[in-house]
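> Build the 3D model from these lines:
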Amino acid sequence: MKLQNIFKISASLGSLASAVIAPLSASAVQYNSNTIYKVQGTNGPEIYVSAAPGTRAEFDMGQVDRPAARLAGNCGEVRINPPRGGTFEFVKAAGQTIDPSTLPTQLLPSCRSGSFSEPRTENFKTPEGRIILVGYTPGQAVAIATPRAVTRRATVNGCGFARIRSSSTFTLPASFSYMGTEYTVASLPDAGKPPVCRSTTGNGGARVYTGYIPANW
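Numbers count the residues shown, from 1 in each chain. Predicted coordinates for the structure are as follows:
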């Protein structure tokens with residue numbers, strides 16, 4: 001990939017944020033004036049954001065599944081406690097998606113000798129918001145998934161850009177929010193090739209950052 005130099009700036013070690021924000025904020029790496037763009041990486045699209053060097057870029061990735069396993073109780077019930085201060089938008093169990101808002105509200109009967117004191121043949125929720133799934137074999141391990149909010153943060157480098165990408169434990173969702181604005185990955189401008197930031201130690205221990213962009217930008 002052919003690169004072209006776009007700027008060079010130096011900053012004292014240990015004072016990156018205060019030293020480089022002013023001179024580099026106007027030179028933060030943008031693609032065709034876009035502050036957010038994407039590049040196709042080895043493991044899928046990678047999101048780049050242009051911002052003041054040394055700041056933190058925060059991406060709201062929305063709700064993703066949090067897998068877990070629950071053992072069915074003596075009456076074949078699976079109990080799922082609600083999150084603090086709220087309710088789940090959905091629950092997945094044994095491959096099915098369950099909307100808690102559609103479940104009837106009932107008390108959880110006592111369980112004696114493998115049977116509830118009052119029949120419960122359908123999934124329900126308790127007045128406290130606990131979700132009760134029924135019809136499983138006592139002691140059975142049931143795979144469930146509940147949604148959780150995911151936020152990704154990245155420190156903007158000395159050249160004025162940060163990157164978010166998939167990893168072995170995280171996959172970029174189809175959409176996300178940055179600074180209150182919603183984006184879809186598919187609609188982001190495709191820069192083709194990524195910018196590059198190099199750093200060296202200059203005179204007096206100052207850190208020198210040199211930014212490069214592809215020649216065809």
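
> Tell me where the protein has helices.
According to DSSP state H, the chain carries its helices in the segments 16-25.

> Break it down into its domains, please.
3-55+156-214, 63-147 (automatic domain parsing).

> Of those, which stretch is the most buried?
Among those, domain 3-55+156-214 has the highest mean neighbour count (mean count of other C-beta atoms under 10 Å), at a mean of 16. Heads up, the C-betas are built off the backbone N, CA and C, glycines and all.

> pLDDT below threshold where in the protein?
For the chain, residues meeting the criterion pLDDT under 70 lie at 1-27.

> how does it look with 90?
1-29, 43, 62-68, 82-90, 94-96, 146-150, 167-171, 200-211, 215-217 (pLDDT under 90).

> ok, now which ones touch the residue lying closest to T126 once chain neighbours are set aside?
Distances taken as C-beta to C-beta, 6 or more residues apart in numbering place L108 nearest to T126, at 5.3 Å, with adjacent residues excluded. Each residue near L108 by C-beta atoms under 8 Å, 6 or more residues apart in numbering is listed here: E77, R79, T126, R130, I132.

> Would you reformat these as a markdown table and include distance to Q96?
Formatted as a markdown table, the contacts of L108 follow (distance: C-beta to C-beta, whole Å):
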| residue | distance to Q96 |
| --- | --- |
| E77 | 16 |
| R79 | 17 |
| T126 | 20 |
| R130 | 18 |
| I132 | 15 |
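
> Please compute how far stretch 133-142 lies from its chain's middle.
31 Å (C-alpha atoms, centre = their mean, to the nearest Å).
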